[in-house]
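Trainee: prediction below, plus the sequence it came from.
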Amino acid sequence: MRAVLRCLGVAMAIGVVCCALSPPALTSAFADASAANARSAAGAASQTDPAPVLTSQERAVLLALSPMPLPPPPPDPANRFADSPPAAALGQRLFYDPSFAGPLLDSDNNGGPQSLGSTGQAGRVACAGCHLPTGGFSDTRSFQRQISLGAGWGRRRAPSLLDVGQAKLLMWDGRRDALYNQIFGPLESVVEMNSSRLYMAEQIRRKYAGDYRAIFGPIPPLDDPTQFPQLRADRTGCQPKNRSDPQPLCNGPFHGMPGDHAEFDGLSPDKQRAVTAVVVNAGKAIAAFERLLRCGPAPFDAWIHGDAAAVSQPAQRGAALFVDKAGCVGCHSGPFLSDQQFHNVGLKPQIVQQAFKDSGDRGAAAGLADARADPLNTLGRFSDGSDGRLPSAIAPAMEGAFRTPTLRCVSTRPAFMHTGQLRTLAAVTSFFDRGGDSSGYPGRSEIHPLGLSEREESDLVAFLQSLDGPGAEAIYRAP
């Protein structure tokens with residue numbers, strides 16, 4: 001591995017565990033004197049493992065985090081195929097298919113188990129390459145399990161896809177507003193799939209034409225070289241200046257996508273729209289599949305609904321901290337423990353994967369602006385409808401802010417925060433307890449020190465571990 005520090009402010013695609021917005025949203029409501037006295041008595045009786053004591057208000061808030069059953073993903077008006085079983089079946093095959101990818105570039109692609117092949121090989125990167133079904137649909141493959149190695153190295157951690165159907169604004173910075181258009185990011189990124197919409201559309205025509213027609217109707221004659229230039233796997237995507245160390249944005253010629261001054265730009269506007277529509281429909285199928293990926297009910301749910309033995313005493317104490325003193329529920333609300341909003345938590349970038357430091361990342365301030373300008377967004381011609389999910393303006397608080405991740409199945413994730421620089425849940429609770437970092441990031445941090453004891457930090461970790469459900473059904477963990 002290269003040990004050279006590479007500092008870049010440009011990021012790709014990819015939670016923070018956000019606790020204790022200042023001021024803590026619910027602490028004053030839970031200032032229950034009798035419960036405090038009971039906790040004091042319980043602590044005196046057992047300093048090592050005191051019995052948990054929850055106020056009625058705390059229990060009510062915890063119950064609100066655990067409706068039974070857990071709700072399915074909300075309707076997606078932007079995708080009329082969002083809940084179509086045939087579309088999901090096709091999407092599952094596309095999710096696991098690496099044949100849409102262009103060449104691997106970075107020299108760290110050495111054919112070993114932490115890469116997807118060797119430099120120069122094409123057709124090696126699928127969605128499942130960085131969202132491994134054996135790793136909770138997050139990246140447990142890449143070196144140090146922080147940022148992801150596709151055709152090259154990304155700069156943000158690949159998040160888990162479990163319960164991704166609950167989100168409307170996607171990616172760490174919100175720069176995609178639908179699952180159907182999210183796939184264009186990795187497809188046309190030089191450090192992910194290093195491919196293009198033209199090449200993917202032609203591959204769909206070659207491999208999936210019958211399935212496509214059955215769901216979406218006629219498919220253009222993308223296999224006709226007199227109408228569409230036929231891209232090869234070794235030509236699609238970017239040809240960067242330094243193939244052994246590609247940068248997150250293509251700095252060389254590229255092929256098969258808007259702005260290439262080549263194959264795609266040479267098509268008529270109608271044919272360009274036809275190519276894009278095929279990939280949009282593929283994205284809608286993949287979205288239908290991804291909406292089926294769920295963490296599922298956890299021991300926490302059993303406990304809060306009456307099974308006193310479902311979680312440990314430390315986890316029960318951690319639950320009380322989560323909704324009271326630590327204030328985590330201020331960001332991590334709702335059945336999936338995320339407000340689906342963006343928050344600046346004062347994270348100073350650190351070196352990850354031995355060589356990368358993602359400095360100056362503006363987060364949602366840039367990402368949401370990109371989403372608003374994206375011709376593929378939910379307000380555009382390829383959307384089936386809009387529900388107003390895009391903000392009308394970008395608030396100053398979005399500077400350096402990142403999306404609150406869901407916390408269900410959180411302890412199965414290999415690393416935390418948008419850069420993956422925190423490696424354990426204990427490190428996460430310690431970060432929030434100290435109030436984050438004082439400087440070194442854009443914008444203004446929203447959090448403050450919590451004043452937790454060592455045992456309270458440990459109890460929070462135990463609670464977070466109690467949120468792990470069974471994960472996605474086995475039928476979705478393979479093509």
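Mentor: That came through, no problem.

Trainee: helix or strand for the closest residue in space to Phe100 that isn't next to it in sequence, which one?
Mentor: Spatially, and ignoring its direct neighbours in sequence, Phe100 is nearest to Met200 (4.5 Å; Cβ to Cβ, 6 or more residues apart in numbering). Where C-beta positions appear, they are placed from N, C-alpha and C, glycine not excepted. Element membership of Met200 [criterion: DSSP states H and E] is helix 197-216.

Trainee: next one: that helix to chain centre, how far?
Mentor: Averaging C-alpha positions (Cα atoms, centre = their mean, to the nearest Å) puts helix 197-216 26 Å from its chain's average.

Trainee: so which residues make contact with whatever helix or strand comes next after it?
Mentor: Remark: after helix 197-216, the chain's next helix or strand is strand 237-238, criterion DSSP H and E. Outside of strand 237-238, the residues within contact range by Cβ atoms under 8 Å, 6 or more residues apart in numbering are 102-103, 151, 188, 190, 193-196, 199, 246, 250, 252-256.

Trainee: can you rerun that using 7 Å?
Mentor: Gly102, Val190, Asn194, Ser195, Ser196, Cys250, Gly252, Phe254, His255, Gly256 (Cβ atoms under 7 Å, 6 or more residues apart in numbering).

Trainee: now swap in stretch 184-196 and tell me
Mentor: With contact meaning Cβ under 7 Å, 6+ apart, stretch 184-196 is reached by 12-13, 100-103, 105, 125, 150-154, 176, 197, 200, 231, 236-238, 240, 246, 248, 250, 255-257, 279, 376.

Trainee: phi, psi for the spatially most central residue of the chain please.
Mentor: Nearest residue to the geometric centre of the chain (Cα atoms, centre = their mean): Pro159, 3.4 Å. For Pro159, the backbone dihedrals (degrees, to the nearest 10) come out as phi -80, psi 160.

Trainee: I'd say it and Thr404 touch.
Mentor: No - when contacts are counted by Cβ atoms under 7 Å, Pro159 is not listed as touching Thr404 (11.4 Å).

Trainee: off-centre distance for stretch 118-131?
Mentor: Using Cα atoms, centre = their mean, the offset of stretch 118-131 from its chain centre is 19 Å.

Trainee: then stretch 127-138?
Mentor: Per Cα atoms, centre = their mean, the centroid offset for stretch 127-138 relative to its chain is 11 Å.

Trainee: end to end, how far does it reach?
Mentor: Start and end residues of stretch 127-138 are separated by 10 Å (Cα to Cα, to the nearest Å).

Trainee: in stretch 409-427, what counts as buried?
Mentor: 409-410, 412-423, 425 (16 or more other Cβ atoms under 10 Å).

Trainee: next step: those residues restricted to helices.
Mentor: Leu425 (DSSP state H).

Trainee: and of the buried residues of stretch 409-427, the nearest to Ala393?
Mentor: His418 (23.1 Å; Cβ to Cβ).

Trainee: can I assume the closest one is in contact with Gly154?
Mentor: No - using Cβ under 7 Å, His418 is not in contact with Gly154; the gap is 10.9 Å.

Trainee: count of residues packed around the closest residue to Val125 other than its chain neighbours?
Mentor: Among residues not flanking Val125 along the chain, Ala101 sits closest, at 3.9 Å (Cβ to Cβ, 6+ apart). With neighbours defined by other Cβ atoms under 10 Å, the count for Ala101 comes to 30.

Trainee: any weak-confidence spans in this protein?
Mentor: Within the chain, the stretches with pLDDT under 70 are 1-47.

Trainee: so in it, which helix runs the longest?
Mentor: helix 269-290.

Trainee: buried by neighbour count: which residues of the helix holding Met200 qualify?
Mentor: 197-205, 208, 211-212, 215-216.

Trainee: adding distance to Pro269, write these out as TSV.
Mentor: Putting the buried residues of helix 197-216 into TSV (distance: Cβ to Cβ, whole Å) gives the following:
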residue	distance to Pro269
Arg197	14
Leu198	14
Tyr199	20
Met200	19
Ala201	16
Glu202	19
Gln203	23
Ile204	21
Arg205	20
Tyr208	25
Asp211	27
Tyr212	22
Ile215	25
Phe216	21
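
Trainee: which among those residues gets closest to Ala298?
Mentor: Ile215 (34.1 Å).

Trainee: that closest one touches Ala88, doesn't it?
Mentor: No - using Cβ under 7 Å, Ile215 is not in contact with Ala88; the gap is 10.1 Å.

Trainee: quick one: the helices in the stretch 51-200 of the chain?
Mentor: 56-64, 85-95, 127-130, 179-182, 184-187, 197-216 (DSSP state H, counting those that start in this stretch).

Trainee: give me the helices and strands touching the last one, please.
Mentor: If I follow you right, that is helix 197-216. helix 85-95, helix 184-187, helix 269-290 (3 or more Cβ pairs under 7 Å, 6 or more residues apart in numbering; DSSP states H and E).

Trainee: again, but for the second one
Mentor: With contacts defined as 3+ Cβ pairs under 7 Å, 6+ apart, the secondary structure elements packing on helix 85-95 are helix 197-216, helix 269-290.

Trainee: wait, which of those helices is closest to Leu321?
Mentor: helix 269-290 (32.5 Å).

Trainee: from the chain's centre, how far out does that closest one sit?
Mentor: 21 Å.

Trainee: buried by neighbour count: which residues of it qualify?
Mentor: So, applying 16+ other Cβ under 10 Å, buried residues of helix 269-290: 271-272, 274-290.

Trainee: show the subsequent helix or strand relative to it.
Mentor: Sequence-wise, the next helix or strand downstream of helix 269-290 (DSSP H and E) is helix 299-304.

Trainee: C-terminal to that following helix, what's the next element?
Mentor: That would be, after helix 299-304 and using DSSP H and E, helix 313-323.

Trainee: just the strands in the stretch 351-479 of the chain please.
Mentor: 356-357, 402-403 (DSSP state E, counting those that start in this stretch).

Trainee: just checking: what are the partner strands of the last one?
Mentor: This points to strand 402-403. strand 342-343 (antiparallel) (DSSP bridges).

Trainee: let me have the helices and strands packed on helix 197-216 in JSON lines, adding distance to Gly451 as columns.
Mentor: Shown next, in JSON lines, are these (distance: least, Cβ to Cβ, whole Å):
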{"stretch": "helix 85-95", "distance to Gly451": "45"}
{"stretch": "helix 184-187", "distance to Gly451": "40"}
{"stretch": "helix 269-290", "distance to Gly451": "40"}
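
Trainee: quick one: closest of those helices to Pro349.
Mentor: Among these, the nearest to Pro349 by Cβ to Cβ is helix 184-187 (21.2 Å).
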